[in-house]
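Asker: Everything below, folded, please.
(chains A and B)
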Amino acid sequence: MLVLGIETTCDETAAAVVERQSDGSGKILSNVVRSQIAEHARFGGVVPEIAARAHVDLLDGIVDSAMKEAGVGYAQLSAVAAAAGPGLIGGVIVGLTTAKAIAMVHDTPLIAVNHLEAHALTPRLTCALAFPYCLFLASGGHTQIVAVVGVGQYVRLGTTVDDAMGEAFDKVAKMLSLPYPGGPQVERAAEGGDAKRFTFPRPMLGRPDANFSLSGLKTAVRNEASRLTPLEPQDISDLCASFQAAVLDSTADRLSVGLKLFQEQFGTPRALVAAGGVAANHAIRSALQDVAAKAQTTLIIPPPALCTDNGAMIAWAGAERMALGLTDTMEAPPRARWLLDANAKAPAGHANSRAGH
Amino acid sequence: MMILAIDTALDACSAAVLDTTSGNTIAIESLPMQRGHAEALMPLLGRVMKESGIGFAGLDRIAVTTGPGSFTGLRVGLSAARGIALAAEKPVVGVTTLAAYAAPVVAANAERPILSAIDARHDHVYFQVVAGDGSPLVKPKVAPIAEALEAAQYGALHLVGNAAAMLLAARWPADAADPVAVDCQSAPDITWVAWIGAAIDPDGAPPRPFYLRAPDAKPPKDRLEVSAPPST
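Answerer: Predicted structure coming up:
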């Protein structure tokens, strides 16, 4: 089964061709990603209209490259998959419409993939991982703990009630004038910093649910930093180190609760899987090792190129759905919001927060 | 030439297949639409292609409106056109909405200049002025309505576009020659998009968005003061 996958939900324009064997294993034939970092850098974050403009300019060329690199013709495709959300709607529209057009020409099945589902299923592309497993997804747009029970079967165990984890890293970087994208810059600055110089809050620590909160922590960093202006390089390093330490403590606590909830509802997870751009942070990775070890499960982190947004994960999720006969029609809508777990409810007291969608 | 035309830039979702040899529009569908183009276009295209009975392999070219218009809307049509072009290995050309509005008047051998104007909100219009033979007098731009009204200097004009009536004709300068005609349509005629698409030189008509406006984005101002540039 040959599947073309298209990803345009944020600031990466990406396309890939993936082959799925009848035994369920996968092989990436091509995986082309064009990041728009340069376009957004001077704004200190992703500007939706700039992202949408870049996607429409770039996408057909990226798809063409992915198909040529894979040595596959359009008529040979078993399915065309696109991320139909959740994400920035301007980009989603470009990706989904392009996928529909390609699918229509050769009457190829279309798969409208949930971007979060693609992250959730990625580990099965690179190794033979059986269900159920526990996913920790942390990126610039999402921070969730999800029980992956089967293809199309996801139960959200925890979510952020405000900022996403990657977003918090980016915002801290931005306030400290570190270059965009800020996550890796905060990690780098933290390496030379004193994590004990500032005591920042460990949000949600000890709560029985598995939810996250990061905006208060970010504000605490801003308040502390404001008192120190003008900021010396050492101040910046210490602020970053202290911030990262707080994130690590909070993450470890929230995940251990998440794994406990998983155990209660679904038994022992086959693995703890991390995905999303935050999983590229080395300090986070080592914290996750500890969490997994304590829960006596295996930690799986896909290679960095498959953790951040890419077309291969969309193609693979498309292939997994196609294998179950789950295809979509030309009516499939682009969706800015799309819960992975349709039954997920916002945590009590956070109904009007981002956790509701 | 068999040409598939697509327009989603303004208040319609339209597609048509034109056979330029016979001059017949062999399939056409146009739905008035202010939003929802992204959901509506591909099912509509499927119906139009089925009605045409020729299949994508039978097309010689695809034409698509590039704007000016709704940023999101024009990207829907462009994504579809470029996706089809890629998978069907067919050339695709871009047609501006301003040119598409003027086309039927130019084709009727108009003697008067033609002012095409599209509502750009906030008291602005996207507009262009061409002579009766289609040669440019004022190149496409976004400007205050007052500036578009200065086109009255070219004499009695034919006004076209979705801003022709309410925004321009209604405010036409009292001391200027009255417009010879005012055609106010909410979107260009898709058949004319196809005709221009067939006539145009592909090298000069790339299927790229024609926004005429920069994205609304400003660099951040909420950074804290640092004593020296941070090491990067």
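Asker: Now do the same for A:Gly356: its pLDDT.
Answerer: Predicted confidence (pLDDT) for A:Gly356: 59.
Asker: Residue nearest the middle of chain B, spatially speaking?
Answerer: B:Thr97 (1.6 Å; C-alpha atoms, centre = their mean).
Asker: I'd say that one and B:Ala9 touch.
Answerer: Yes. Using C-beta atoms under 8 Å, B:Thr97 is in contact with B:Ala9, at 5.1 Å. Where C-beta positions appear, they are placed from N, C-alpha and C, glycine not excepted.
Asker: Now A:Ala280. Nearest residue, chain neighbours left out?
Answerer: Spatial nearest neighbour of A:Ala280, excluding adjacent residues (C-beta to C-beta, 6 or more residues apart in numbering or on different chains): A:Pro304 at 4.9 Å.
Asker: make that B:Ala5, sorry
Answerer: The nearest residue in space to B:Ala5 (C-beta to C-beta, 6+ apart) is B:Ala194, at 3.6 Å.
Asker: Same question for A:Ala293.
Answerer: Of all residues beyond its chain neighbours, the one nearest A:Ala293 is A:Leu299 (8.0 Å), with distances taken as C-beta to C-beta, 6+ apart.
Asker: part of a strand, is A:Tyr180?
Answerer: No. A:Tyr180 is assigned coil when assessed by DSSP: H, G, I helix; E, B strand; the rest coil, not a strand.
Asker: Is the residue lying closest to it once chain neighbours are set aside in a helix, a strand, or coil?
Answerer: Leaving aside its sequence neighbours, A:Tyr180 sits nearest to A:Ala41 (C-beta to C-beta, 6+ apart; 4.7 Å). Of the three states, A:Ala41 takes helix under three-state DSSP.
Asker: State the distance from the residue nearest to B:Ala5 to B:Pro209.
Answerer: 20 Å (C-beta to C-beta, to the nearest Å).
Asker: quick one: which of those two has more around it?
Answerer: B:Ala194 (30 against 21; other C-beta atoms under 10 Å in any protein chain shown).
Asker: pLDDT score assigned to the more buried one?
Answerer: We have a pLDDT of 98 for B:Ala194.
Asker: wait, is it part of a helix?
Answerer: Yes. Inclusion of B:Ala194 in a helix is indicated when three-state DSSP is applied.
Asker: Now for the closest residue to chain B within the stretch 1-150 of chain A, how many residues are close by?
Answerer: Relative to chain B, the nearest point of the stretch 1-150 of chain A is A:Ala101 (2.9 Å; C-beta to the nearest C-beta). Residues lying near A:Ala101 (other C-beta under 10 Å) number 28.
Asker: rewinding a little: the residue nearest to the centre of chain B: what's it in contact with?
Answerer: B:Thr97 makes contacts with B:7, B:9-10, B:65-69, B:116, B:118, B:126, B:161, B:187-188, as judged by C-beta atoms under 8 Å, 6 or more residues apart in numbering or on different chains.
Asker: Same check on B:Pro140?
Answerer: Residues in contact with B:Pro140 (C-beta under 8 Å, 6+ apart) are B:68, B:96, B:98, B:126-128, B:210, B:212.
Asker: again, only this time at 6 Å
Answerer: When contacts are counted by C-beta atoms under 6 Å, 6 or more residues apart in numbering or on different chains, B:Pro140 touches B:98, B:128.
Asker: which stretch of helix or strand covers it?
Answerer: Per DSSP states H and E, B:Pro140 falls inside strand B:136-144.
Asker: Show the subsequent helix or strand relative to that strand.
Answerer: Later in the chain than strand B:136-144, the nearest helix or strand by DSSP H and E is helix B:145-149.
Asker: where's that next one relative to the chain centroid, distance-wise?
Answerer: Relative to its parent chain, helix B:145-149 has a centroid offset of 20 Å by C-alpha atoms, centre = their mean, to the nearest Å.
Asker: other SSEs contacting the helix or strand that it is followed by?
Answerer: From helix B:145-149 onward toward the C-terminus, using DSSP H and E, the following helix or strand is strand B:158-160. Helices and strands touching strand B:158-160, by 3 or more C-beta pairs under 6 Å, 6 or more residues apart in numbering or on different chains; DSSP states H and E, are helix B:97-107, strand B:114-119, strand B:181-183.
Asker: hmm, who's touching strand B:158-160?
Answerer: B:101-102, B:105, B:110, B:112, B:114-116, B:168-169, B:179-183.
Asker: Which residue in the residues you listed has the weakest pLDDT?
Answerer: Among these, B:Ala110 has the weakest pLDDT, 77.
Asker: list the contacts for it?
Answerer: B:132, B:158.
Asker: does it sit in a helix, a strand or a coil?
Answerer: With three-state DSSP as the basis, the three-state label of B:Ala110 is coil.
Asker: Distance of B:Leu212 relative to chain A?
Answerer: According to C-beta to the nearest C-beta, to the nearest Å, B:Leu212 and chain A sit 13 Å apart.
Asker: got a pLDDT number for the residue nearest to B:Ile84 when sequence neighbours are not counted?
Answerer: With sequence-adjacent residues excluded and distances taken as C-beta to C-beta, 6+ apart, B:Ile84 is closest to A:Ala101, at 4.6 Å. On pLDDT, A:Ala101 comes in at 98.
Asker: Give the full set of residues in contact with A:Ala101.
Answerer: A:Ala101 makes contact with B:80, B:83-84, according to C-beta under 6 Å, 6+ apart.
Asker: Now, those residues that are in helices?
Answerer: Among the contacts of A:Ala101, DSSP state H puts B:80, B:83-84 in helices.
Asker: ok now do A:Lys100, which residues does it touch?
Answerer: Residues near A:Lys100 by C-beta under 6 Å, 6+ apart: A:110, A:330, B:42.
Asker: Could you look up the SS state of it?
Answerer: Going by three-state DSSP, the secondary structure assigned to A:Lys100 is helix.
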